[in-house]
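sequence unknown, structure follows:
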């Protein structure tokens with residue numbers, strides 16, 4: 001039995017942070033970072049059956065062309081993704097009454113799609129484009145606390161990037177869902193996304209503080225790894241995808257990160273129509289899900 005200090009439930013039986021009961025979610029979940037973007041997705045639904053808000057976690061559940069879909073805000077950073085992924089998994093794979101993990105044959109694999117904004121590292125990934133993440137590369141420390149198993153290619157990329165940046169620790173590299181990428185990513189840029197543990201220094205921005213790694217952005221832009229699978233380069237960065245991909249792999253869920261490119265660090269541009277780019281990605285994703 002899982003102790004109450006580990007599986008924390010609210011007085012109404014809902015999971016601690018998300019404030020959700022198992023019946024509140026569907027098997028297909030769209031996640032957004034900004035709580036205000038939840039309504040930007042659910043306004044396309046034919047009907048909304050459930051809404052709740054707790055801290056930065058806003059949830060709407062409804063139907064789009066007959067398909068039941070959940071949209072949930074996560075806030076920013078892989079620390080929040082640790083909460084979201086573990087609590088979503090608990091909702092479908094732990095019996096809250098007995099506080100026990102369900103048997104293997106009863107466990108559910110969720111389909112989780114991140115709809116987020118991102119900055120491009122490469123001049124040929126232009127503003128306004130949509131990018132589906134093949135591999136996520138985590139510069140954060142989340143994977144240090146879990147038994148993540150990486151493939152040979154993933155380990156090679158992590159080791160080379162550690163050397164290239166002169167990091168005192170190894171990043172982690174995880175491939176996302178091929179199934180969801182084939183369903184939802186047609187016509188998008190396919191890329192490898194760097195997940196950073198911050199918006200300023202970890203993404204090479206310097207306002208008043210100098211950065212410790214010289215030529216940081218250039219090193220990221222120029223990083224290449226050659227393998228039998230082809231050339232691996234970093235295309236964009238944000239703050240959540242590696243957390244999704246690593247926890248999704250370990251917990252057995254299909255996870256895909258879709259990115260609206262609203263900034264280009266190679267050209268120094270920021271999109272004037274960032275909202276329209278996100279809207280187009282939302283509408284396209286909903287249409288492809290059904």
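Great, that's in hand. A quick note: this is a predicted structure, and the numbers were derived from the prediction, not measured. Residues are numbered from 1 along each chain as shown.

Contacts only, for the closest residue to residue 108 other than its chain neighbours.
In this structure, residue 108 finds its nearest non-sequential neighbour in residue 92, 4.2 Å apart by Cβ to Cβ, 6 or more residues apart in numbering. C-beta: built from backbone N, CA, C; applies to glycine. By Cβ atoms under 8 Å, 6 or more residues apart in numbering, residue 92 lies in contact with 22, 25, 27, 107, 108, 110.

For the host helix or strand of residue 92, give the mean pLDDT please.
Take DSSP states H and E as the rule and residue 92 turns out to sit in helix 78-93. For helix 78-93, the per-residue pLDDT values average out at 98.

Buried residues, it. List them.
Neighbour counts over helix 78-93 (16 or more other Cβ atoms under 10 Å) mark 78, 80-93 as buried.

Could you do stretch 218-231 as well?
By neighbour count on 16+ other Cβ under 10 Å, the buried set for stretch 218-231 is 219, 220, 221, 223, 225.

The residues you listed in helices, which ones?
219, 220, 221 (DSSP state H).

And the strands in the stretch 101-250 of the chain?
111-120, 130-138, 172-175, 189-195, 224-227, 230-233, 236-238 (DSSP state E, counting those that start in this stretch).

The first one - which strands sit beside it in the sheet, and in what orientation?
Right, strand 111-120. With DSSP bridges as the test, strand 111-120 is paired with strand 28-32 (parallel), strand 236-238 (antiparallel), strand 254-264 (parallel).

Could you check the angle that strand makes with helix 78-93?
Counting by axes from the mean of the first three to the mean of the last three Cα atoms, to 10 degrees, strand 111-120 lies at 170 degrees to helix 78-93.

how about the nearest residue to residue 175 once chain neighbours are set aside, what does it touch?
Excluding its sequence neighbours, the residue lying closest to residue 175 (Cβ to Cβ, 6+ apart) is residue 135, at 5.1 Å. Applying Cβ under 8 Å, 6+ apart to residue 135 gives the contacts 154, 157, 173, 174, 175, 176, 192, 193, 232, 245.

Was I right to think the fourth one contacts residue 149?
In other words, residue 174. No. Checked against Cβ atoms under 8 Å, the pair residue 174 and residue 149 is beyond contact range at 9.7 Å.

intersection of neighbour lists for those two?
Counting by Cβ under 8 Å, 6+ apart, the residues touching both residue 174 and residue 149 are residue 249.

Can I get the strands of the stretch 101-250 of the chain in a markdown table including distance to residue 33?
Formatted as a markdown table, the strands of the stretch 101-250 of the chain follow (distance: least, Cβ to Cβ, whole Å):
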| stretch | distance to residue 33 |
| --- | --- |
| strand 111-120 | 6 |
| strand 130-138 | 15 |
| strand 172-175 | 19 |
| strand 189-195 | 12 |
| strand 224-227 | 28 |
| strand 230-233 | 25 |
| strand 236-238 | 9 |
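
The ones you listed: which one's closest to residue 1?
strand 111-120 (27.3 Å; Cβ to Cβ).

Now the closest one: buried residues?
111, 112, 113, 114, 115, 116, 117, 118, 119, 120.

Would you format the strands paired with strand 111-120 as TSV with distance to residue 71 and mean neighbour count included?
Formatted as TSV, the strands paired with strand 111-120 follow (distance: least, Cβ to Cβ, whole Å; neighbours: other Cβ atoms under 10 Å):
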stretch	distance to residue 71	mean neighbour count
strand 28-32	5	23
strand 236-238	18	25
strand 254-264	13	24
